[in-house]
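[1] 3D model of this:
(chains A and B)
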Amino acid sequence: GENVEQHPSTLSVQEGDSAVIKCTYSDSASNYFPWYKQELGKRPQLIIDIRSNVGEKKDQRIAVTLNKTAKHFSLHITETQPEDSAVYFCAASPPADRGSTLGRLYFGRGTQLTVWP
Amino acid sequence: DTAVSQTPKYLVTQMGNDKSIKCEQNLGHDTMYWYKQDSKKFLKIMFSYNNKELIINETVPNRFSPKSPDKAHLNLHINSLELGDSAVYFCASSLGRGQETQYFGPGTRLLVL
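    Now for the predicted structure:
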C-alpha cells in the first residue's frame, strides 16, 4: 500500500516567519493530497488539499505544492502566528477505483509546529 | 449543530473489560471511519463503512468489532481491553467513497488501567 513520509517531526519558528513541511509518497497512482491541522486536544480538520492535476494551490497564508515526478508535496505557511501552532498531517490517497482502498487516506506521522511570539 | 459526535468523550476502565464507543453524523454522508491516534499522534485507520457495508478492515485485533446500524451511525465495540488499547479514537465521515474531506468527531480518550 501507500507509504507517506513527513518531515520534520517538530518545527519551531518565530512569529512572522514562514514554515515549510514536506511529505513524500510511494504510490505514483495517488492523486489526492490533503493536509489536516490538529490543535492540542482537538480533532483533525482539513486546511487545504490538492489534486494531481495541479501543481500548486493557495488559500490566504497557506499554500501547497505538488511535484508528481518526485512524488513530493509540501505545505507552506507564511507570516506565521501563534494560533498556527498545532500538529499538521499530510496524507495521500490513491484513486477511487483501486478496490478496497476507496476513500482511504494514508497519513504521515505529523509535524508539531510551534510558533513563538 | 454538531456534525460528527462521539460518546463518551472520556473512558477510563480496567483491563479485561468490554466497552463501546458510539458515533453519529448528521451530514448525510455515506462513509464513516474509525481511527486510532496513539500517544505519538500517529493516525491509524481501523475501519471504514460505506452505506453500512464494511469497505476497509485494517489489521486490528479481532477484539475490535465495528457495527453500523445505519449510514449515520458507526459504533466500535472493544472486548477484553488491554493496556495498549489506551489511545484517542476518532470517528470521521465523508460524503462518498472517493477523495473528499473527512470530518472528524471530537475523539474518545480511552485509558485502560
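[2] flag the shaky bits of chain B, pLDDT-wise.
    Counting by pLDDT under 70, chain B has low-confidence residues at B:1-2, B:98.
[3] who's the residue nearest in space to the middle of chain B bridged to?
    Central residue of chain B (Cα atoms, centre = their mean): B:W34, 3.1 Å from the mean position. For B:W34, the beta-bridge partners under DSSP bridges are B:F47, B:C91.
[4] tell me which element the most centrally placed residue in chain A is part of?
    Nearest to the mean C-alpha position of chain A, by Cα atoms, centre = their mean, lies A:C90 at 3.1 Å. Per DSSP states H and E, A:C90 falls inside strand A:86-92.
[5] so which elements touch that strand?
    Secondary-structure packing of strand A:86-92 (3 or more Cβ pairs under 8 Å, 6 or more residues apart in numbering or on different chains; DSSP states H and E): strand A:4-7, strand A:19-25, strand A:32-38, strand A:72-77, strand A:106-107, strand A:111-116. Where C-beta positions appear, they are placed from N, C-alpha and C, glycine not excepted.
[6] which residues does residue 34 contact?
    Picking chain A for this. Contacts of A:P34 were listed using Cβ atoms under 8 Å, 6 or more residues apart in numbering or on different chains, and they are A:46, A:48-50, A:90-91, A:93, A:105, B:101-102.
[7] correction: the question concerned chain B.
    B:W34 neighbours (Cβ under 8 Å, 6+ apart): B:23, B:45-48, B:66, B:74, B:76, B:89-92.
[8] let's see that with 6 Å instead.
    Contact partners of B:W34, counting by Cβ atoms under 6 Å, 6 or more residues apart in numbering or on different chains, are B:46-47, B:76.
[9] for B:K67, which residues make a bridge with it?
    As for beta bridges, B:K67 partners with B:N75 under DSSP bridges.
[10] my read: B:D18 touches B:H77, true?
    No. The criterion here is Cβ atoms under 6 Å, and B:D18 misses it with B:H77 at 7.0 Å.
[11] just the buried residues of stretch A:28-41, please?
    Neighbour-count burial for stretch A:28-41 flags A:30-38 (criterion: 16 or more other Cβ atoms under 10 Å in any protein chain shown).
[12] and what of stretch B:30-45?
    Going by neighbour count (16+ other Cβ under 10 Å), the buried part of stretch B:30-45 is B:30-37, B:41, B:43, B:45.
[13] now, those that are in helices?
    With helices defined by DSSP state H, no entry of those lies inside them.
[14] what two of those have the greatest distance between them?
    B:D30 and B:K41 (28.1 Å; Cβ to Cβ).
[15] neighbour-wise, which of B:D18 and B:H77 wins?
    B:H77 (14 against 11; other Cβ atoms under 10 Å in any protein chain shown).
[16] where does that one sit: helix, strand or coil?
    strand (DSSP: H, G, I helix; E, B strand; the rest coil).
[17] for it, give me its contacts.
    B:20, B:65 are the contacts of B:H77 under Cβ under 6 Å, 6+ apart.
[18] what's the separation between it and B:D70?
    17 Å (Cβ to Cβ, to the nearest Å).
[19] swap in A:D49?
    Here the distance between A:D49 and B:D70 works out to 28 Å (Cβ to Cβ).
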